[in-house]
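J.: Okay, predicted coordinates and the sequence, questions at the end:
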Amino acid sequence: MIRCYPVEKLTQGNGAVLVCCGPGNNGGDGLVCARHLKLFGYNPTLFYPKKPNKPLFDNLTKQCQGMELPFLSEFPTDVEVIQRSYSLVVDALFGFSFQPPVRPLFAGVIDTLKKVETPICSVDVPSGWNVEEGDPNGLQPQLLISLTAPKRCAKLFKGRFHYLGGRFVPRALEQKYDLQLPPYPGTDCVVELNTGNS
């Protein structure tokens, strides 16, 4: 996100980012993302309505609270409010283990995000997509950050930027699943993948 949308070029809310987190591991990735964004000079706000009762997620939430990151009690359903208030939206609602249909608590969130013109960054899989088949009528982010390896649905990604994070995948795992991961430049932990739309 820092490479695609540098904080100094963002105009809304001094680098304001809305980070939408779901109840699973993808939501946990969103909590980590929010902390990192704060450290890099962005102003993240979290929407995290369904927190699992597990120590890992409790600890991730406490770390965000310790950094004084604000949490929204309700999602801003007005598209104009999101566009006026945030320069970016992070979609960390559902990941590769998502099974339709979208639960009512999140259906309105995804419907609203489909309408915003603010750039959206999806973590691993755009929320609501089937990991194998995608969803041509679903959320269409401008940035996709695949984790470990691109999922099959990433072939249907039509956004501007696609990055892979997962440099430290053990060689045995890469060979076992024939992941065919690209080389990472220098000491980078991410590599840009060709989308055909860049």
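T.: Alright, I've got the coordinates.

J.: In this protein, where's the longest helix?
T.: Counting by DSSP state H, the longest helix found in the chain is helix 25-39.

J.: That helix - contacts with which helices or strands?
T.: Helix 25-39 sits against strand 16-21, strand 43-47, helix 55-66, strand 88-92, strand 120-123, with contacts defined as 3 or more CB pairs under 8 Å, 6 or more residues apart in numbering; DSSP states H and E. The C-beta positions use only the backbone N, C-alpha and C, and glycine is treated the same way.

J.: Return the distance of the longest one from the chain's centre.
T.: So that's helix 55-66. 18 Å (CA atoms, centre = their mean, to the nearest Å).

J.: any idea of the mean pLDDT in that helix?
T.: In this model, helix 55-66 has a mean pLDDT of 97.

J.: Just send the helices and strands packed on helix 25-39 back as TSV, with mean neighbour count and distance to residue 142 too.
T.: Shown next, in TSV, are those (neighbours: other CB atoms under 10 Å; distance: least, CB to CB, whole Å):
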stretch	mean neighbour count	distance to residue 142
strand 16-21	26	13
strand 43-47	21	18
helix 55-66	14	24
strand 88-92	27	9
strand 120-123	27	6
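
J.: the bottom helix or strand of this protein by mean pLDDT?
T.: helix 171-176 (a mean of 92; mean pLDDT, DSSP states H and E).
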